[in-house]
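> With the sequence up front, the predicted model follows.
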Amino acid sequence: MARKRILLTGASSGIGRACCELLAADGDEVVGLDIQTAPPQAAQHVQCDLSEPDSIDAALRQIDGRFDALLNVAGVPGTVDPALIMRVNILGLKHLTEAVIDRLNPGGAIVSVASIAGFNWQRRLAQLTQFLAQPDFAAGLRWFEQHPLDANGAYHFSKEAVVVYTMQLAGPARSRGLRCNSVSPGPVDTPLLPAFKIQAGAGQLDWVIEQTGGASTPMDIAHVLRFLATGPSDCINGRDLAVDRGLTAGLVIGWIDKNDSPLLNSRKTQAP
Ligand code: NAI
């Protein structure tokens, strides 16, 4: 198989680092972008702050040539400043994607990491569409300032926005011979997991992990991202793929009883 060239954000840690390892082992050339230092397997790495559009643009100027895939993996949890969550998880992702799309080779793919936290995007599609219609990073940030959310709310909104943005981009991507998909992991054993436990509160994430037989490993998620980025996935476009060990299926169909969840129970005991 021909060696592919992949631009990968979040390459320094967790899921992104596992992707870098896996793709490099395939013989692919990985160009990493991260605020932290390079992972060992990256062919090139540029330290860059994805919360700042100027930093993204400066990083791209340091990287020559074209790519076969863009993997948007970097993210921050819902325990930090809400504006930072929006900046990194969606506004920076969108800015980078739009800056790089002309440098993606036909037959290539854009794959972004969303989350099961983005599962309920349909409930506020109109608001998400309005947010995503903002013409640039600064306008998106202004929109968020006018529609503020707390950190947990901003995390959910940012991941719902990744799912909807992916579906929006699938049309224009297709006309360029590209595909655009997202992956929504459940809990993954990375350095972010403790923050997600705090974010979910009330023992909720431990309950989720127990219901689904454990947390996924970064490599579990990396295999799925690789399949969508460089694997035989030509007919998959505009989809969000939950990689959650059955969690969302169980909650929707009922073989996981949400009434047992610590979060619902704590709400019941708090209700007046
Ligand atoms: P991680 O913390 O190991 O990796 C995140 C990477 O993003 C780090 O290398 C970090 O330096 C980079 N990053 C953060 N802010 C940045 C910035 N301003 N500029 C450039 N790079 C920045 O965490 P993990 O778990 O591997 O997260 C990867 C993605 O997976 C994130 O988008 C996260 O929201 C998502 N996710 C993680 C889950 C989990 O349970 N770990 C569950 C669902 C989604």
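That came in fine, so what should we check first? Numbers count the residues shown, from 1 in each chain.

> So residue 266 lies in a helix, does it not?
Yes: according to DSSP: H, G, I helix; E, B strand; the rest coil, residue 266 belongs to a helix.

> interface residues of the stretch 151-272 of the chain facing the ligand?
Within the stretch 151-272 of the chain, the positions near the ligand by C-beta under 6 Å from any ligand atom are 185, 187, 188, 190, 191, 192, 193, 196, 218. For glycine as for every other residue, the C-beta is placed from the backbone atoms N, C-alpha and C.

> Just to be careful, could you list which of the residues you listed are in helices?
Counting by DSSP state H, those place 193, 196, 218 in helices.

> Just the buried residues of those.
The neighbour-count test (16 or more other C-beta atoms under 10 Å) applied to these identifies 196, 218 as buried.

> Could you export the ones in helices among the residues of the stretch 151-272 of the chain next to the ligand as CSV, including pLDDT?
Formatted as CSV, those follow (pLDDT from 0 to 100):
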residue, pLDDT
193, 96
196, 95
218, 98
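
> quick check, nearest of the ones in helices among the residues of the stretch 151-272 of the chain next to the ligand to residue 86?
residue 196 (17.4 Å; C-beta to C-beta).

> and that closest one, what does it touch?
Taking C-beta atoms under 8 Å, 6 or more residues apart in numbering as the criterion, residue 196 is in contact with 77, 78, 187, 205.

> nearest to the ligand, of those residues?
Using C-beta to the nearest ligand atom, residue 187 comes nearest to the ligand of the contacts of residue 196, at 4.4 Å.

> So what's the residue count around the closest one?
23 (other C-beta atoms under 10 Å).

> Does it touch residue 207 like I think?
No: using C-beta atoms under 8 Å, residue 187 makes no contact with residue 207, being 10.5 Å away.

> residue ranges for the strands of the stretch 151-272 of the chain, please.
Along the stretch 151-272 of the chain, counting by DSSP state E, counting those that start in this stretch, strands occupy 179-185, 240-243.

> any chance of the residues of the stretch 151-272 of the chain next to the ligand in JSON lines, with distance to residue 108 too?
Formatted as JSON lines, those follow (distance: C-beta to C-beta, whole Å):
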{"residue": "185", "distance to residue 108": "23"}
{"residue": "187", "distance to residue 108": "30"}
{"residue": "188", "distance to residue 108": "25"}
{"residue": "190", "distance to residue 108": "26"}
{"residue": "191", "distance to residue 108": "29"}
{"residue": "192", "distance to residue 108": "28"}
{"residue": "193", "distance to residue 108": "31"}
{"residue": "196", "distance to residue 108": "31"}
{"residue": "218", "distance to residue 108": "23"}
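
> Of those, which is the nearest to residue 2?
Once C-beta to C-beta is applied, the member of those that ends up nearest residue 2 is residue 218, at 26.1 Å.

> residue contacts, the closest residue to residue 130 other than its chain neighbours?
Spatial nearest neighbour of residue 130, chain neighbours left out: residue 143 (7.4 Å); criterion: C-beta to C-beta, 6 or more residues apart in numbering. Taking C-beta under 8 Å, 6+ apart, we find residue 143 in contact with 130, 131, 134.

> Right, I'll leave it there.
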